[in-house]
Structure formats: structure tokens, C-alpha cells
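# The following block contains a protein sequence and its predicted model.
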Amino acid sequence: MRLGLAATFLASLLGCTQSVTQLIVVVDTDYAIPAGLDELSVAVRTPEGTRSTETEPLDGSESLPFTLAVVPESLDRLGPLEVEAIGSLDGTELVRRRARVTLVRGETLTLLLHLLRACEDVSCPEGESCGPEGCRPIDAPVYPWGGVPPRLGEDAGPAFDGGPLDASGRDSGPFDGGPRDAGLLEAGPADAGALDAPDAGPGCTVLGCDDGNVCTTDVCAVDGTCTHVDNAVACDDGAFCNGLDTCRDGACSVHAGNPCGGGTTCDEASGACRGCVDDSTCPAAMSGAWGECGGFADACAARGTESRMVRTFSCVSGVCVASDATEERACTRSTDGFVCGASTCGLFGACAGTGCELTGTQSRTCTDRVCEAEACRSVSRTETAGCARDTEGDACGSNSCTTWSACAGFVGACGTTGTQSRTCTTYACAGGACSMTSTPESRACSRITDGASCGATVCGAFTACAFADECTTTGTQSRTCTDAVCARGACGLSTRTETAACSRASTDGLSCRPGTVCDLWGLCSGFSTTCDESGTQTRRCTTYTCSAGRCGGASLTESQACTRDTDGDTCGTGRCCTAGSCGLCVAPL
């Protein structure tokens, strides 16, 4: 939305091809529209005390920022002007911003009036008004008009920032007998350099860089320094008789020469050629240097016009009277890369850095409005900036701990609770460097002591060596021992039997059970005759003895005499045994 005190103001704002003295008031706000503000008023008080007010209702369809052009009725009184911007909601004033400025002849200047929520209910002392930096004097800074109204937070200027000169150059119109033109830069489109990064305001302005030399173009660079570039525009050294003048090497040093010829005499005092008879005896027409190419339709337009002064002479009463006219011709420029609108940038990302360093970089995406093929296009770029990091306490290495020590610190031999310890190493940022800290740690631990010894063992004497049998040489012996043993965390006594191996000398040859074992005697036999009553009988006997620790037996056969009773046994026909002999049988009595 553009506010104008008159329709001519808007026309002046949109573009002009000649010097214009005006003030562009730019109003921006961080209030939501229309929820926060639904009405905007801008009032201007002239040096004569006349107050003009423009009021606009806000419904949310407007585009920020708001602009208003102020053109003085007379160039004789350029200030001071008092400008006020007032934001209201439902008919109630919420915030007001006031400034006092003075215009500059031939300049289009920019005044920023921001209506901020932080200034609501702020009461400033007399002569001050609330803005981005709190209460400040109402004598506000102004900046050269850059072609595009800056948004809240953007730099208002300068109009020159390292690119080609603005479209409208110095005044190249005819000489008019008055003081030399101020040579101030006019309100052409923004130049080709990139917009300054958002800051609190320019370090310099074009006006502040003016060195008073018409033969230098004064430029306020983006770094806030002034430069003065030699040009070749028309100038006036104040002398008539050396002809039209042109700048070179920063001075009005190039002169066309004596303009008078054909028998005329140059009169410096009157600034005329005297002694002419007719027009043919006057100097020929002379042309000044072409001015800078200007009058472009917009910031990206490549076709414009340039002008120069053409001076012709006519003989009047013996004096060659000069007549000046302006000659124009088409001109072109290359606008590729020119800035044609405000740059917009997103928020900076997180501050990124290395390790524990306290400084890093952050980036954001900016969109520039740049000319390409005579059209204004959006070009994205990444902008980086230094930033500070708070790394205090941040981890900067791999923390580690030693293994836990053995459980120790028990109370007595039967204690079951104790402690174990270890050392842990941590790495954390401190003062911008990685610092190592070692910290001991401990924890409770426990053990099982049931059955563990808690005192001396007392044992009796061993018993005699006991062997498994008569032949073995190794055996066991035992004794009774009393142990001091832990049980349920306390020391107590426990009795046990302890055995030990023992041995004896070789038992080889010793009798071992069952000793000598004999079978039953066999039948009596070996009789010589049928009636023989004396014979023999045998048996087998085994004798057991020890050998190599084992009981083994050796067998032998025994024999002995035996008898039988054969009396009455028949020993032939009619014959019977009697007392071991065979005889006649005798009948019993």
C-alpha cells in the first residue's frame, strides 16, 4: 500500500527522470494486521505549522511496508518537517512514532518509522520517540532512496553499495547563469550491488560522502567508507572565454577553447563574444559532454536516455548572445546482476563449530531480487556469519571407567558386606578447551563367607594305620579336628574327622586268611587183595600267603593210611575174608 498526500507524490515515488526533492516515509510494524492494528495514520507538520494527515483502515490485504511521499510546496523552506506515524486498534491509539527531518534540494530521501509492540505504553521524555533502540531523539537519520522500501530489520541504504552508479546522474541540463548545480545524486533506481546486511543503519550516506567536487562521483560503499570516483561530465570553471568545460582526473580541466571567432572578441566580464556582424560571425554551435544514462522504466530496464547541453549563438546588436538547449538520445546499460528489490533472509540456523571452540559459524538462506535479461528475478544464496558458542560442559571425548576392584573392607573374617571402587574419566569442554576429569567411584558389594575359616584348626593324634586285609601295605588313619568356620556372618566351631594315608612294610610270605584249606579225604583205596584191610586215601590242601600286597593260595596233595573191615566178605567160591585173609567160610555158631 502506498499513501500519498497528493497524486503527484505517488508519481514521484514510482520513478522520475529529473531531480526531485522529496521524502519517502516508510512505515513498518511487527503488529499483526488487522488483529493487532486496524488503522494507520501518518501526519506531516510543515515549517509553517500546517498539518496534513493521511489515515487508512487496515484489513490485512495490505503489503508491508507502507510508504508515503512528501514533496515540499516550495524549495525555499525544506524543513524541519515533523512526521508522526500512529497505529490504532478499534479506535484506540496503541503506538506512536515521531521524527523531525530536513529535506535536501534535489534529493529523494528515506525516513523509517517503525511501529513496534515493544514501544506500546512506553513514555519517552520530551523531544524523544520510541523506536528499535528505545527512546531516542526525534531528530532522525534519513537515507538516500534506494528504489525499494526496506522492511523492518533491513538496512535503509545506502543507495550506492559497490555496483554501477544509480540511473540518474548529475544534472546535465543547460547552464542557467546561477550557481553551479549541487551535483547531488538523484533518485534513480537502486544500483547493481547487493543490499547491505541488516544492521542499525548505514555507516555513511551519499550526502555525507559529498566532497563538493562536481568532477567526482561520491559513493558510499557497503563497508561504510566513502570513495570518490573521477567522472567526465560537464562542468563549469566559471570562465567563459575558455569554452565549454568537461571533467577529467577529478577536476574541471578540459576546455573547448575560445568560443569566439569570425573577428569577434571574447569578453570575459560579460561572458559574450563582441563585434559580430551577423550570426555567421558568431561561434559555431557547441555541445557539452553527454550525461549519465538515466530515465529507465525500472531497476532492470536496459534502455534509457542521456542528455547534453547544446549552445548556439546569434548576433544581437554586435554581441553574440548564447542560447542553451538540451539534446537527448537513447542509451543502454547492462543491468544483469543489478539489485531490483529487497533481499529477504530467513533466520540463522544453529551456531556450528568444532569441538569446544567458543566461536563458530551459522548460516541462513537469503533471497535476492536481481536483474536478469531485463527482468527482476529471485536468486537464493547462503549467507554465513560468525557466532559465539556456549560449549561449557559439553562432552568432548569418550568417557571411560576402570573395572571395579575386588570387594574389600569387610568387618572381620566372616563379614559379608564391603565396598569396591573404580576410577571414571570424563571429557568435557571448559573455557573453550577439552578438559579431562578423573573421579573415583565406590559401591557396596557382598560375599558369601559360610564355611570359610575364621581361626586356627586344632586336631588330635592320628589312629593306628588300618589296612583293608592282611596283605595290603597301604591303609588309612584318622584323627578328630576342630575348625573355626564362618556361618551366617559369624565365626563358630565345627568338628570333623580327618583321614590320612599310611603304609607298612612288605607282607610277602605272611599267612593270610583263610590260611590252609584242605578238601575232604578221598576214599580209602590201594588195597592189595580183596580181603586186604590196609590202604591209602588222599586230599588236596591250599595254603594262602601274601604276595605283592595280595592274598594268594598254593595247592598240594596229601595222603594217609586208612583201613577197612573185610571180614565176611567173599573172596572166592566158598571162601570168605577173615582178618584180612581169604579162607574157608565158617558157619556162624
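Cool, got the structure. Numbers count the residues shown, from 1 in each chain.

# the strands in the stretch 201-350 of the chain, which residues?
Ranges of strands within the stretch 201-350 of the chain are 216-220, 226-230, 234-235, 245-248, 251-255, 265-267, 272-274, 286-287, 303-316, 319-332, 339-345, based on DSSP state E, counting those that start in this stretch.

# got a list of contacts for the fifth one?
Defining contact as C-beta atoms under 8 Å, 6 or more residues apart in numbering, one finds that strand 251-255 is touched by 213-215, 235-237, 239, 242-248. Backbone N, C-alpha and C define where each C-beta goes, glycine included.

# In CSV, could you pull the C-alpha coordinates for that strand?
Extracted C-alpha coordinates of strand 251-255, given in CSV (Å, rounded to 0.1, in the frame of the first residue of the first chain):
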residue,chain,number,x,y,z
ALA,A,251,39.0,18.4,-12.0
CYS,A,252,37.2,20.7,-14.4
SER,A,253,40.3,20.7,-16.5
VAL,A,254,39.2,20.1,-20.1
HIS,A,255,38.2,23.2,-22.1
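
# partners of that strand, with directions?
For strand 251-255, the pairing partners within the sheet under DSSP bridges are strand 245-248 (antiparallel).

# pLDDT of the partner strand, averaged?
Strand 245-248 shows an average pLDDT of 86 in the prediction.

# ok, and for it, which residues are buried?
Neighbour-count burial for strand 245-248, counted by 16 or more other C-beta atoms under 10 Å, picks out 245-247.

# Stretch 542-560 too?
By neighbour count on 16+ other C-beta under 10 Å, the buried set for stretch 542-560 is 543-547, 551.

# Only whichever of the contacts of strand 251-255 are buried, select them in ChimeraX.
Buried members of these, defined by 16+ other C-beta under 10 Å, are picked up in ChimeraX with:
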select :213,214,215,235,242,243,244,245,246,247
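
# just checking, next helix/strand downstream of the helix or strand of the chain with the lowest mean pLDDT?
When the helices and strands of the chain are scored by mean pLDDT, DSSP states H and E, helix 7-14 comes last with a mean of 31. Going down the chain from helix 7-14, the next helix or strand is strand 22-29, by DSSP states H and E.

# in its sheet, what does that next one sit against?
Assessed with DSSP bridges, strand 22-29 is paired to strand 66-70 (antiparallel), strand 108-115 (parallel).

# Could you export it as PDB, CA atoms only?
C-alpha atoms of strand 22-29 as PDB (Å, rounded to 0.1, in the frame of the first residue of the first chain):
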ATOM      1  CA  GLN A  22      11.000  14.600  -1.700                       C
ATOM      2  CA  LEU A  23      10.800  12.500   1.400                       C
ATOM      3  CA  ILE A  24       9.700   8.800   1.200                       C
ATOM      4  CA  VAL A  25       8.200   7.900   4.600                       C
ATOM      5  CA  VAL A  26       8.400   4.100   5.200                       C
ATOM      6  CA  VAL A  27       6.200   2.700   7.900                       C
ATOM      7  CA  ASP A  28       6.600  -1.000   9.000                       C
ATOM      8  CA  THR A  29       5.300  -2.800  12.100                       C
END
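
# what mean pLDDT does it have?
In the prediction, strand 22-29 has an average pLDDT of 90.

# Go ahead and name everything in contact with the following helix or strand past that strand.
Going down the chain from strand 22-29, the next helix or strand is strand 39-45, by DSSP H and E. In this structure, residues lying in contact with strand 39-45 by C-beta under 8 Å, 6+ apart are 3, 5, 25, 27, 51-58, 66, 68, 70, 81-89, 91, 113, 115.

# Run through the bridge partners of the most centrally placed residue in the chain.
What sits nearest the mean C-alpha location of the chain, by C-alpha atoms, centre = their mean, is residue 352, with 3.3 Å. In this entry, residue 352 is beta-bridged to residue 361, by DSSP bridges.

# Out of the contacts of strand 251-255, which is nearest to residue 290?
Nearest to residue 290 out of the contacts of strand 251-255 is residue 246 (C-beta to C-beta; 10.2 Å).

# give the contact list for the closest one.
Each residue near residue 246 by C-beta under 8 Å, 6+ apart is listed here: 232-235, 252, 254-255, 288-289.

# could you measure it against residue 261, distance?
Residue 246 sits 20 Å away from residue 261, going by C-beta to C-beta, to the nearest Å.

# what's the farthest-apart pair in the contacts of residue 246?
Maximum distance among these (C-beta to C-beta): 14.5 Å, for 233 and 255.

# Neighbour count for these two, which is higher?
Here residue 233 and residue 255 are compared on neighbour count by other C-beta atoms under 10 Å; more neighbours surround residue 233, at 21 against 16.

# where does that one land on pLDDT?
pLDDT, residue 233: 79.

# shouldn't it be in contact with residue 215?
Yes: here residue 233 reaches residue 215: they are 7.4 Å apart, a contact under C-beta atoms under 8 Å.

# where along the stretch 451-589 of the chain do the strands fall?
458-459, 474-487, 490-503, 511-518, 534-547, 550-563, 570-572, 575-578, 581-584.

# Now find how far off-centre the third one is within its chain.
What it means is strand 490-503. Relative to the chain's own centre, strand 490-503 is displaced by 73 Å; criterion: C-alpha atoms, centre = their mean, to the nearest Å.

# export the strands paired with strand 22-29 to JSON lines and tack on mean neighbour count, mean pLDDT and distance to residue 36?
Output for the strands paired with strand 22-29, formatted as JSON lines (neighbours: other C-beta atoms under 10 Å; pLDDT from 0 to 100; distance: least, C-beta to C-beta, whole Å):
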{"stretch": "strand 66-70", "mean neighbour count": "23", "mean pLDDT": "85", "distance to residue 36": "14"}
{"stretch": "strand 108-115", "mean neighbour count": "24", "mean pLDDT": "91", "distance to residue 36": "10"}
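
# quick one: low-confidence parts of this protein?
Applying pLDDT under 70 to the chain flags the ranges 1-19, 153-209, 218-225, 588-589.

# related to what we said a few turns ago, for residue 484, state which of the contacts of strand 251-255 is nearest.
Proximity of these to residue 484 was ranked by C-beta to C-beta; the top entry is residue 213 with 113.0 Å.

# Leaving out sequence neighbours, find the closest residue to that closest one.
Closest residue to residue 213 apart from its sequence neighbours, by C-beta to C-beta, 6 or more residues apart in numbering: residue 250 at 6.5 Å.

# circling back: what do residue 233 and residue 215 both touch?
Taking C-beta under 8 Å, 6+ apart as the contact rule, the neighbours common to residue 233 and residue 215 are residue 247.

# To residue 309, which of the strands of the stretch 451-589 of the chain lies closest?
The minimum distance between residue 309 and the strands of the stretch 451-589 of the chain falls on strand 474-487, with 120.7 Å, by C-beta to C-beta.

# which strand residues sit across from the residue lying closest to residue 211 once chain neighbours are set aside in the sheet?
Leaving aside its chain neighbours, residue 211 sits nearest to residue 228 (5.3 Å; criterion: C-beta to C-beta, 6+ apart). Per DSSP bridges, the residues bridged to residue 228 are residue 218.

# how far away is the closest residue to residue 331 other than its chain neighbours from residue 307?
Leaving out its chain neighbours, the residue that sits closest to residue 331 by C-beta to C-beta, 6+ apart is residue 293, at 3.8 Å. Distance, residue 293 to residue 307, using C-beta to C-beta: 10 Å.

# got it, and residue 252?
Taking C-beta to C-beta, one finds residue 252 at 19 Å from residue 307.

# what about these two, which has more around it?
Comparing residue 252 with residue 307 by other C-beta under 10 Å, the one with more neighbours is residue 307, at 24 against 20.

# does the more buried one really touch residue 330, like I thought?
No: the pair residue 307 / residue 330 is not scored as a contact, 11.1 Å apart, by C-beta under 8 Å.

# Name the nearest residue to residue 562, sequence neighbours excluded.
Among residues not flanking residue 562 along the chain, residue 524 sits closest, at 3.5 Å (C-beta to C-beta, 6+ apart).
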